[in-house]
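A.B. asks: Model the structure of this input:
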Amino acid sequence: MLKKLCALRRAFIGLVVVILPAVNSDASSVIYQFEPISISSSFGDSSPPIEATFQDIRPNSVLLTITSSDLANGMFLSDLYFNFDPADNVNRVHFKRLDGPRGLAFPRISTGANAFKADGGYYDIHFDFDKPGKGQFSGDNSITYLIVGTGLDASDFAFVDSTGRCTDTYGTYYALAQIQGICGNGEWLAATTILQPVPEPASLGFMALAAIGLWWGTRWQVKRIRQTTEPAKAVSIGRLVRRLSKTASSRRR
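C.D. replies: Numbers count the residues shown, from 1 in each chain. Reported below is the predicted structural model:
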(Lines give C-alpha, C1' and ligand atoms only; values in the text may rest on other atoms or scores of the structure.)
Protein backbone atom coordinates (compact mmCIF):
# COMPACT_ATOMS: atom_id res chain seq x y z
CA MET A 1 0.00 0.00 0.00
CA LEU A 2 2.76 2.39 0.96
CA LYS A 3 4.69 1.68 -2.23
CA LYS A 4 1.59 2.30 -4.35
CA LEU A 5 0.94 5.63 -2.66
CA CYS A 6 4.56 6.70 -3.13
CA ALA A 7 4.37 5.82 -6.83
CA LEU A 8 1.08 7.71 -7.13
CA ARG A 9 2.63 10.75 -5.47
CA ARG A 10 5.55 10.71 -7.93
CA ALA A 11 3.05 10.52 -10.82
CA PHE A 12 1.21 13.59 -9.53
CA ILE A 13 4.47 15.51 -9.22
CA GLY A 14 5.21 14.68 -12.85
CA LEU A 15 1.73 15.80 -13.89
CA VAL A 16 2.14 19.15 -12.15
CA VAL A 17 5.55 19.65 -13.78
CA VAL A 18 3.98 19.09 -17.21
CA ILE A 19 0.85 21.18 -16.67
CA LEU A 20 2.13 24.24 -14.84
CA PRO A 21 4.34 25.58 -17.66
CA ALA A 22 1.33 25.48 -19.96
CA VAL A 23 -0.88 27.23 -17.40
CA ASN A 24 1.69 29.96 -16.82
CA SER A 25 2.55 30.47 -20.48
CA ASP A 26 1.29 33.39 -22.52
CA ALA A 27 0.49 31.16 -25.49
CA SER A 28 -2.22 32.49 -27.76
CA SER A 29 -3.67 31.94 -31.21
CA VAL A 30 -4.92 34.03 -34.10
CA ILE A 31 -7.57 32.28 -36.18
CA TYR A 32 -8.84 33.43 -39.55
CA GLN A 33 -11.97 32.11 -41.23
CA PHE A 34 -12.17 33.23 -44.84
CA GLU A 35 -15.61 34.40 -45.96
CA PRO A 36 -16.75 35.29 -49.49
CA ILE A 37 -16.44 38.97 -50.36
CA SER A 38 -19.06 38.88 -53.12
CA ILE A 39 -22.73 38.85 -52.20
CA SER A 40 -23.43 36.49 -55.11
CA SER A 41 -20.90 33.96 -53.88
CA SER A 42 -20.59 30.40 -55.11
CA PHE A 43 -20.36 29.27 -51.48
CA GLY A 44 -23.72 30.58 -50.31
CA ASP A 45 -24.26 30.14 -46.57
CA SER A 46 -21.90 27.20 -46.19
CA SER A 47 -19.23 27.14 -43.49
CA PRO A 48 -15.95 28.96 -44.25
CA PRO A 49 -14.10 26.87 -46.85
CA ILE A 50 -10.63 28.10 -45.78
CA GLU A 51 -9.26 28.57 -42.28
CA ALA A 52 -5.81 29.55 -41.04
CA THR A 53 -4.55 29.35 -37.47
CA PHE A 54 -1.36 30.94 -36.09
CA GLN A 55 -0.54 29.43 -32.72
CA ASP A 56 2.29 30.17 -30.29
CA ILE A 57 4.11 26.98 -29.35
CA ARG A 58 7.29 28.35 -27.73
CA PRO A 59 9.24 31.63 -27.72
CA ASN A 60 10.08 32.83 -31.25
CA SER A 61 8.04 30.01 -32.83
CA VAL A 62 4.54 29.95 -34.32
CA LEU A 63 2.64 27.02 -35.78
CA LEU A 64 0.58 27.81 -38.90
CA THR A 65 -2.16 25.41 -39.98
CA ILE A 66 -4.09 26.01 -43.21
CA THR A 67 -7.19 23.91 -43.84
CA SER A 68 -9.74 23.64 -46.62
CA SER A 69 -13.20 22.28 -45.98
CA ASP A 70 -15.73 20.98 -48.49
CA LEU A 71 -14.29 22.72 -51.52
CA ALA A 72 -16.55 21.48 -54.30
CA ASN A 73 -15.19 19.27 -57.05
CA GLY A 74 -12.97 21.35 -59.32
CA MET A 75 -12.44 24.18 -56.81
CA PHE A 76 -8.97 24.71 -55.33
CA LEU A 77 -6.99 27.26 -53.34
CA SER A 78 -4.61 29.12 -55.64
CA ASP A 79 -3.30 32.05 -53.56
CA LEU A 80 -3.19 33.01 -49.92
CA TYR A 81 -2.07 36.36 -48.51
CA PHE A 82 -1.24 37.43 -44.96
CA ASN A 83 -0.10 40.63 -43.27
CA PHE A 84 2.70 41.13 -40.78
CA ASP A 85 3.55 43.64 -38.06
CA PRO A 86 4.89 46.68 -39.97
CA ALA A 87 7.24 47.46 -37.08
CA ASP A 88 9.08 44.16 -37.68
CA ASN A 89 10.96 42.80 -40.69
CA VAL A 90 8.92 40.10 -42.40
CA ASN A 91 11.97 39.01 -44.42
CA ARG A 92 13.59 37.70 -41.22
CA VAL A 93 10.79 35.19 -40.72
CA HIS A 94 11.41 31.62 -41.87
CA PHE A 95 8.88 28.96 -42.82
CA LYS A 96 9.49 25.23 -42.39
CA ARG A 97 6.96 22.73 -43.72
CA LEU A 98 5.97 20.15 -41.12
CA ASP A 99 3.01 18.23 -42.49
CA GLY A 100 0.68 17.91 -45.44
CA PRO A 101 -1.13 15.34 -47.57
CA ARG A 102 0.83 13.08 -49.86
CA GLY A 103 0.82 14.25 -53.46
CA LEU A 104 0.12 17.90 -52.64
CA ALA A 105 2.21 20.45 -54.54
CA PHE A 106 3.27 22.63 -51.62
CA PRO A 107 3.05 26.38 -52.18
CA ARG A 108 5.92 28.73 -52.86
CA ILE A 109 6.17 31.27 -50.03
CA SER A 110 7.35 34.82 -50.63
CA THR A 111 7.73 37.68 -48.14
CA GLY A 112 8.15 41.45 -48.43
CA ALA A 113 6.62 44.54 -46.85
CA ASN A 114 3.54 45.47 -48.93
CA ALA A 115 5.08 43.48 -51.78
CA PHE A 116 2.00 41.60 -53.01
CA LYS A 117 -1.08 43.26 -54.44
CA ALA A 118 -4.34 41.34 -54.28
CA ASP A 119 -7.88 42.61 -54.80
CA GLY A 120 -6.79 46.23 -54.30
CA GLY A 121 -4.75 45.74 -51.10
CA TYR A 122 -1.08 45.11 -50.39
CA TYR A 123 0.12 42.16 -48.31
CA ASP A 124 3.40 40.99 -46.78
CA ILE A 125 3.26 37.20 -47.21
CA HIS A 126 2.15 35.26 -50.30
CA PHE A 127 1.46 31.52 -50.52
CA ASP A 128 1.43 30.66 -54.23
CA PHE A 129 -0.25 27.27 -54.70
CA ASP A 130 -0.05 25.33 -57.93
CA LYS A 131 -2.65 26.16 -60.52
CA PRO A 132 -4.81 23.52 -62.30
CA GLY A 133 -3.27 20.08 -62.39
CA LYS A 134 -2.12 17.44 -59.97
CA GLY A 135 -1.39 18.36 -56.36
CA GLN A 136 -4.04 21.04 -55.99
CA PHE A 137 -5.07 22.20 -52.54
CA SER A 138 -8.72 21.20 -52.76
CA GLY A 139 -11.46 19.20 -51.06
CA ASP A 140 -10.61 18.60 -47.38
CA ASN A 141 -6.92 19.29 -46.94
CA SER A 142 -4.54 20.60 -44.30
CA ILE A 143 -0.92 21.74 -44.26
CA THR A 144 1.22 22.82 -41.32
CA TYR A 145 4.25 25.10 -41.11
CA LEU A 146 6.62 26.06 -38.31
CA ILE A 147 7.40 29.77 -38.50
CA VAL A 148 10.44 31.06 -36.60
CA GLY A 149 11.87 34.51 -36.03
CA THR A 150 13.36 36.61 -33.26
CA GLY A 151 10.60 37.82 -30.95
CA LEU A 152 7.95 36.19 -33.14
CA ASP A 153 4.48 35.37 -31.83
CA ALA A 154 1.01 34.85 -33.26
CA SER A 155 0.02 38.48 -32.79
CA ASP A 156 2.58 39.51 -35.44
CA PHE A 157 0.15 38.18 -38.05
CA ALA A 158 -2.85 40.15 -36.75
CA PHE A 159 -2.63 43.21 -39.05
CA VAL A 160 -4.79 44.47 -41.89
CA ASP A 161 -3.68 45.11 -45.47
CA SER A 162 -2.22 48.38 -46.72
CA THR A 163 -4.01 50.41 -49.39
CA GLY A 164 -0.72 51.35 -51.06
CA ARG A 165 2.78 49.99 -51.39
CA CYS A 166 4.35 53.01 -49.66
CA THR A 167 1.49 54.42 -47.58
CA ASP A 168 0.47 54.22 -43.95
CA THR A 169 -3.24 53.88 -44.72
CA TYR A 170 -4.86 50.53 -44.20
CA GLY A 171 -7.72 48.50 -45.55
CA THR A 172 -10.07 46.07 -43.86
CA TYR A 173 -8.73 42.57 -44.58
CA TYR A 174 -6.44 40.65 -42.28
CA ALA A 175 -5.89 37.95 -44.89
CA LEU A 176 -7.07 37.06 -48.37
CA ALA A 177 -7.56 33.81 -50.30
CA GLN A 178 -8.35 33.17 -53.94
CA ILE A 179 -10.34 30.12 -54.96
CA GLN A 180 -10.08 28.95 -58.57
CA GLY A 181 -12.08 26.40 -60.51
CA ILE A 182 -15.08 28.71 -60.53
CA CYS A 183 -16.48 30.38 -63.64
CA GLY A 184 -14.64 33.60 -64.48
CA ASN A 185 -11.51 34.66 -62.60
CA GLY A 186 -12.25 32.72 -59.45
CA GLU A 187 -13.48 34.14 -56.19
CA TRP A 188 -11.88 36.11 -53.36
CA LEU A 189 -12.39 35.13 -49.74
CA ALA A 190 -11.36 37.49 -46.94
CA ALA A 191 -10.71 37.32 -43.21
CA THR A 192 -12.30 40.48 -41.82
CA THR A 193 -12.15 39.56 -38.13
CA ILE A 194 -9.80 37.71 -35.78
CA LEU A 195 -11.00 34.76 -33.77
CA GLN A 196 -8.66 35.01 -30.81
CA PRO A 197 -10.04 32.90 -28.01
CA VAL A 198 -6.96 31.17 -26.81
CA PRO A 199 -4.68 31.58 -24.10
CA GLU A 200 -4.27 28.01 -22.82
CA PRO A 201 -7.61 26.55 -21.67
CA ALA A 202 -8.64 27.25 -18.10
CA SER A 203 -9.24 23.55 -17.58
CA LEU A 204 -5.46 23.10 -17.37
CA GLY A 205 -5.45 25.34 -14.33
CA PHE A 206 -8.09 23.21 -12.65
CA MET A 207 -6.13 20.07 -13.55
CA ALA A 208 -3.01 21.54 -11.97
CA LEU A 209 -4.91 22.48 -8.80
CA ALA A 210 -6.46 19.02 -8.63
CA ALA A 211 -3.07 17.38 -9.09
CA ILE A 212 -1.58 19.51 -6.31
CA GLY A 213 -4.51 18.67 -4.03
CA LEU A 214 -4.17 14.97 -4.72
CA TRP A 215 -0.43 15.18 -4.12
CA TRP A 216 -1.02 16.70 -0.69
CA GLY A 217 -3.67 14.09 0.02
CA THR A 218 -1.37 11.20 -0.83
CA ARG A 219 1.46 12.86 1.12
CA TRP A 220 -0.76 13.00 4.20
CA GLN A 221 -1.88 9.39 3.69
CA VAL A 222 1.71 8.17 3.33
CA LYS A 223 2.68 9.98 6.53
CA ARG A 224 -0.27 8.49 8.35
CA ILE A 225 0.55 4.97 7.24
CA ARG A 226 4.17 5.38 8.28
CA GLN A 227 3.12 6.65 11.70
CA THR A 228 0.82 3.70 12.27
CA THR A 229 3.06 0.97 10.87
CA GLU A 230 6.51 1.95 12.13
CA PRO A 231 5.63 1.95 15.90
CA ALA A 232 3.89 -1.40 15.39
CA LYS A 233 7.07 -2.78 13.87
CA ALA A 234 9.07 -1.41 16.79
CA VAL A 235 6.73 -3.02 19.33
CA SER A 236 6.74 -6.39 17.60
CA ILE A 237 10.55 -6.40 17.43
CA GLY A 238 10.71 -5.47 21.11
CA ARG A 239 8.40 -8.33 22.02
CA LEU A 240 10.51 -10.71 19.95
CA VAL A 241 13.69 -9.62 21.74
CA ARG A 242 12.04 -10.12 25.13
CA ARG A 243 10.81 -13.57 24.14
CA LEU A 244 14.25 -14.57 22.95
CA SER A 245 15.85 -13.33 26.18
CA LYS A 246 13.31 -15.28 28.26
CA THR A 247 13.95 -18.43 26.23
CA ALA A 248 17.69 -18.06 26.63
CA SER A 249 17.41 -17.52 30.40
CA SER A 250 15.13 -20.52 30.83
CA ARG A 251 17.61 -22.71 29.00
CA ARG A 252 20.40 -21.58 31.29
CA ARG A 253 18.35 -22.70 34.29
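A.B. asks: care to break this protein down by domain?
C.D. replies: 2-8+204-252, 31-199 (automatic domain parsing).
A.B. asks: Please point out the stretch among these with the lowest average pLDDT.
C.D. replies: Among these, domain 2-8+204-252 has the lowest mean pLDDT, at a mean of 55.
A.B. asks: how close does Ala72 sit to Thr192?
C.D. replies: According to CB to CB, to the nearest Å, Ala72 stands 23 Å off from Thr192. Heads up, the C-betas are built off the backbone N, CA and C, glycines and all.
A.B. asks: my guess is Asp124 meets Thr111, correct?
C.D. replies: Yes. Judged on CB atoms under 8 Å, Asp124 makes contact with Thr111 at a distance of 6.4 Å.
A.B. asks: Find residues that contact each of these two.
C.D. replies: 84, 90 (CB atoms under 8 Å, 6 or more residues apart in numbering).
A.B. asks: more neighbours, these two?
C.D. replies: Asp124 (25 against 19; other CB atoms under 10 Å).
A.B. asks: which element is that one on?
C.D. replies: Element membership for Asp124, per DSSP states H and E: strand 121-128.
A.B. asks: got a list of contacts for stretch 155-166?
C.D. replies: For stretch 155-166, using CB under 8 Å, 6+ apart, the contacting residues are 28, 30, 54, 62, 81-86, 88, 114-115, 117, 120-123, 149, 168-174, 176, 194, 196.
A.B. asks: what's the answer for stretch 94-113, then?
C.D. replies: By CB under 8 Å, 6+ apart, the residues outside stretch 94-113 that reach it are 63-64, 80, 84, 86, 89-91, 93, 116, 124-130, 133-137, 141-149.
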